[in-house]
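# generate coordinates for the sequence data below:
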Amino acid sequence: MHVTIRADGGPEIGYGHLIRSSALAEELLTRGHTVSYVTTTPEHAAEVCPDAAEITQLPSRTDVEPFVEWLDSTDVDFVFTDAYPVDTEYQRTVRDHTPLAVLQDDARHTVCADVFVNGNLYAEKLDYHCIDSALRKCLGPSYLLLRREVSELAEQNPPWHEEPERAIVTMGGSDTANLTPKILRAFDGRDFRVDAIVGPGFSERQEQEIRQTANEVSTEVAIVRNPEDLYKRMFAADFAVSTSSSTTYELLALGTPIISCPVASNQELIASVLQERNLATVLEADCPAASFRDAIELYLNQSVLRKERRRTGRDLVDGKGATRVCEELLSYSNQNIEP
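Okay, the predicted model is just below:
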């Protein structure tokens, strides 16, 4: 089967859509299927998506016509979209050409697709409007798209230290709110190691500021740009400071307690559920450094809280969502597409 993924990402809009859709790409490729990306951000797709996936550039995020023209020229069995501009009319147009699966984080658009995916914690509470009553819905964290390395680590027991030894600061692919320096200052005076992740979309100016801040604080800070072992670093950390993005779900699956900070409107729902269910310590992006310091202090002094959040996160997110979504696509294809 040939599955085409329609997704974009980069420093300005974030890498989350590319990263999570790449988990599905990994699963399909592992099973011997063909995967292609059609995107307005080909250079950034190449940074984070599997090498075996072919990449084609689109001229527009919102205009569906160039995409369907490409579909007409290519043998595609299924389209999977993960992009906010894919509204109802966009979906309808694509579905007239090929079966369609849509990943959508909210209920902003009436769904015109064959398979619908929302793996968020709040997914089952939303009121969706669907054109086709036969739509297959994949809702909740059982359908979270997490990369294979995360799912493999999620099967292991994470390390435990009664007294924390290391933390990780990972604010996404581009740290659009430029919070990393402020967070590092909140660690000042602590006698343990902090991994500060510089994502692929960080500017040189951002990285320089982070390095300067690291030199100014007494805490040991390891600054790493786009590390290949990012998930192992997350897994090894006693707690993490991160955005309320798809990284949240990776950390929950790995059992890493979280200090979470929403930096975009589409992250507010995740932050709200985290706070409501006591799954993480949630802070606003514009809060003072002292608030981050207090949250860090809480994890340093309350091993019971860290242990509870580690257990709860792993119970909620098992890391096998990509397998389940892949099986839904294959099941639909086997039942509805002529050989």
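
# and the strands in the stretch 101-250 of the chain?
In the stretch 101-250 of the chain, the strands defined using DSSP state E, counting those that start in this stretch lie at 115-118, 136-139, 166-170, 193-198, 220-225, 239-243.

# contacting residues around Tyr90?
Residues counted as contacts of Tyr90 (Cβ atoms under 8 Å, 6 or more residues apart in numbering) are 62, 64, 81. Glycine gets a C-beta too; all of them are placed from N, C-alpha and C.

# sec struct for it, please.
Recorded secondary structure, Tyr90: helix (DSSP: H, G, I helix; E, B strand; the rest coil).

# and Gly119, its phi and psi?
Gly119 adopts backbone torsions of phi -90, psi 10, taken as degrees, to the nearest 10.

# check contacts around the residue lying closest to Leu230 once chain neighbours are set aside.
By the measure of Cβ to Cβ, 6 or more residues apart in numbering, the closest residue to Leu230 outside its immediate chain neighbours is Ile197, 6.5 Å from it. With contact taken as Cβ under 8 Å, 6+ apart, Ile197 is in contact with 168-171, 224, 226-227, 230, 233.

# per-residue pLDDT, Ile197?
Per-residue pLDDT puts Ile197 at 97.

# quick check: domain ranges of this protein?
Domain segmentation of the chain under automatic domain parsing yields 2-146+319-336, 149-316.

# next one: the shortest one to chain centre, how far?
It stands for domain 2-146+319-336. 14 Å (Cα atoms, centre = their mean, to the nearest Å).

# now the longest one
With Cα atoms, centre = their mean as the basis, the distance from the averaged C-alpha position of domain 149-316 to the chain average is 14 Å.

# circling back to that earlier point, from the contacts of Tyr90, which ones fall inside strands?
Thr81 (DSSP state E).

# format the contacts of Tyr90 as a markdown table; extra columns: neighbour count and distance to Ala253.
Below are these laid out as a markdown table (neighbours: other Cβ atoms under 10 Å; distance: Cβ to Cβ, whole Å):
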| residue | neighbour count | distance to Ala253 |
| --- | --- | --- |
| Thr62 | 11 | 33 |
| Val64 | 21 | 34 |
| Thr81 | 25 | 24 |
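
# what would the contacts of Tyr90 look like in JSON lines with pLDDT and distance to Glu204?
JSON lines is the format used below for the contacts of Tyr90 (pLDDT from 0 to 100; distance: Cβ to Cβ, whole Å):
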{"residue": "Thr62", "pLDDT": "95", "distance to Glu204": "31"}
{"residue": "Val64", "pLDDT": "97", "distance to Glu204": "36"}
{"residue": "Thr81", "pLDDT": "98", "distance to Glu204": "33"}
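
# wait, which of the contacts of Tyr90 is closest to Asp286?
Closest approach between the contacts of Tyr90 and Asp286, by Cβ to Cβ: Thr62, at 30.6 Å.

# could you find the closest non-adjacent residue to that closest one?
Setting aside the residues directly before and after it, Thr62 is nearest to Pro85 in space (Cβ to Cβ, 6+ apart), at 4.6 Å.

# specify the beta-bridge partners of the residue nearest to Leu230.
With DSSP bridges as the criterion, Ile197 is bridged to Val224.

# show me where the stretch 1-150 of the chain has helices.
16-30, 42-48, 65-72, 88-95, 148-154 (DSSP state H, counting those that start in this stretch).

# mean confidence score for the fourth one?
Mean pLDDT, helix 88-95: 98.

# ok, back up a step: what's the separation between the residue nearest to Thr62 and Thr40?
Distance of Pro85 to Thr40, given as Cβ to Cβ, to the nearest Å: 10 Å.

# Thr88 now?
Separation of Thr88 from Thr40 (Cβ to Cβ): 20 Å.

# of those two, which one has the most company?
Thr40 (21 against 16; other Cβ atoms under 10 Å).

# mind checking how far the more buried one is from Val79?
Noted for Thr40: a distance of 16 Å to Val79, by Cβ to Cβ.
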